[in-house]
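Student: Model the structure of this input:
(2 chains)
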Amino acid sequence: MALFSKQNKEAFTNPLNLDHPILVQVLGICSALAVTSQLKPAIVMGLAVTVITAFANVIISILRNTIPNRIRIVVQLVVVAALVTIVSQILKAFVYDVSVQLSVYVGLIITNCILMGRLEAFAMQNKPWPSFLDGVGNGIGYAMILIIVGAVREFFGRGSLLGFQIIDCKDFNNGMMTMPAMALILVGIVIWVHRAYFYKEK
Amino acid sequence: MKLNTNSNAYIIIYSTILVLIVAFLLAFVSQTLKPMQDANVALDTEKQILNSLNLRGLSDDEAHATYEKVVKFDEAQGVYVCTLENGDVKYVLPLKGQGMWGGISCFLAIDSDKNTVYGAYFNHESETAGLGAEIKDNADWQAKFQGKKIFADETKEALALSVEKAVNNETTVDAVTGATVTSTAVSKMLQDQLTKYMDFLKK
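Tutor: Below is the predicted model:
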């Protein structure tokens, strides 16, 4: 099978649009709401999830024929937990301030439904390469929403982007935007736009 | 022969090997990155202390160099003794308390009269972003501590420095809007922990 055959392309592009983990499956909402008050942690979180989903997918896909069916969820959890711990340690060593900002949410990637969902639904049945693409696709789909919501919240909440002040005016600061409730409303709006323009009811 | 992946023996051996591999891997990663992480934590503490002295926004290298020059830790008192570039001596008291969701801490810099607050920096583990977390993120709020008095009067008998809603006088700082619990916790931390430094403050 060619590296970029039709199926492989679909494994990558479906989660970006028609089978989007947040917009269509509405998974991983908890962390999407919690880390999006500013753009920088949102980007790092999106990256962390992309890396972890991709590699967890590959590892589980390589092991898929040896994994005992009765303990497969346990095995998946061990793999994900190990990867999350490694990523969290790396963040602490190289970008300490971001790891402080993300605090518990990196650890909580373990319980992110997108990961377990992709492992169960895709990696257990598919070869490593398509699984990798599927993981990257889902991770980017997730990161995309985080970045949109993070950018809107930081801009309208603090008048800055990535920490750079764009509108320097005290009255522009909007506490409502920095609260998690606003993230929920924003995600709702993004889902609405997506449904209206891209999603075709079967 | 095809392996029976559902036999008990296979499951036990499989999980044992998997866990062993993961354990070694994690131990290795943790050991390799530990020195860098420790350095980050130490540098972060140095920056926090400098923040309390109103030396904010320094780069990593600048912060470390300034810290080495300015700050000395007095082990007997548990106080950081700081000599600023203009020769003024300030003391930084490390304080710790319990916030809404986790620990909060503070570096409180005071003048050599041991009564007037020179600057303050607050940190927290897991306060709500945008609300309780403002004690760390909002430098304007921290700046409100400057010039406040720790004691009610010159006799230095009663601690008075506190945080209260809509009160702003010589010893009281206005609370963070929408973060009543955290603000109360900060107030309690100041009261509780400053008591421990009573001997030092009265001298």
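Student: Which one of the residues in chain A is closest to chain B?
Tutor: Closest to chain B within chain A is residue A:178: 3.3 Å, counting by Cβ to the nearest Cβ. Glycine gets a C-beta too; all of them are placed from N, C-alpha and C.
Student: OK, contacts around that residue?
Tutor: A:37, A:153, A:157, A:158, B:129, B:130 (Cβ atoms under 8 Å, 6 or more residues apart in numbering or on different chains).
Student: from those residues, which single one is nearest residue B:172?
Tutor: For those, the minimum distance to residue B:172 (Cβ to Cβ) is 23.8 Å, reached by residue B:130.
Student: Just send the contacts of residue A:178 back as a markdown table, with neighbour count, secondary structure and pLDDT too.
Tutor: Shown next, in a markdown table, are the contacts of residue A:178 (neighbours: other Cβ atoms under 10 Å in any protein chain shown; DSSP: H, G, I helix; E, B strand; the rest coil; pLDDT from 0 to 100):
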| residue | neighbour count | secondary structure | pLDDT |
| --- | --- | --- | --- |
| A:37 | 25 | coil | 77 |
| A:153 | 25 | helix | 87 |
| A:157 | 20 | helix | 79 |
| A:158 | 22 | helix | 75 |
| B:129 | 20 | coil | 70 |
| B:130 | 22 | coil | 69 |
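Student: does residue B:69 sit in a helix or strand, and which one?
Tutor: helix B:60-70 (DSSP states H and E).
Student: As a check, name the ranges of all strands in chain B.
Tutor: Along chain B, counting by DSSP state E, strands occupy B:71-74, B:79-83, B:89-98, B:103-110, B:117-124, B:162-164, B:172-174.
Student: near chain B, which residues of chain A show up?
Tutor: By Cβ under 8 Å from any Cβ of the partner chain, the residues of chain A that approach chain B are A:34, A:37, A:66-71, A:74-75, A:78-79, A:82, A:85-86, A:89-90, A:92-94, A:96-97, A:100, A:103-104, A:157, A:175, A:178-180.
Student: so for the helix or strand in which residue A:73 is found, what's the average pLDDT?
Tutor: Using DSSP H and E, residue A:73 falls within helix A:72-94. In this model, helix A:72-94 has a mean pLDDT of 90.
Student: how about the residues of chain B that lie near chain A?
Tutor: Within reach of chain A by Cβ under 8 Å from any Cβ, chain B has these residues: B:3, B:5-6, B:10-11, B:14-15, B:18-19, B:22, B:25-26, B:29-30, B:33, B:36-37, B:40-41, B:43-44, B:125-126, B:129-131, B:177-178.
Student: Show the buried residues in the residues of chain A next to chain B.
Tutor: Listed as buried from the residues of chain A next to chain B are A:34, A:37, A:67-68, A:71, A:75, A:78-79, A:82, A:85-86, A:89-90, A:92-93, A:96, A:100, A:103, A:157, A:178-180; burial here means 16 or more other Cβ atoms under 10 Å in any protein chain shown.
Student: SS state for the most centrally placed residue in chain A?
Tutor: Nearest to the geometric centre of chain A sits residue A:142, at 3.5 Å (Cα atoms, centre = their mean). Following DSSP: H, G, I helix; E, B strand; the rest coil, we place residue A:142 in the helix state.
Student: what's the pLDDT at it?
Tutor: At residue A:142, pLDDT is 89.
Student: residues in contact with it?
Tutor: Contacts for residue A:142 (Cβ under 8 Å, 6+ apart) come out as A:21, A:22, A:28, A:32, A:46, A:49, A:50, A:53, A:114.
Student: just to revisit the earlier point, export the contacts of residue A:178 as JSON lines, with columns for distance to residue B:139.
Tutor: Below are these laid out as JSON lines (distance: Cβ to Cβ, whole Å):
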{"residue": "A:37", "distance to residue B:139": "17"}
{"residue": "A:153", "distance to residue B:139": "20"}
{"residue": "A:157", "distance to residue B:139": "17"}
{"residue": "A:158", "distance to residue B:139": "13"}
{"residue": "B:129", "distance to residue B:139": "16"}
{"residue": "B:130", "distance to residue B:139": "15"}
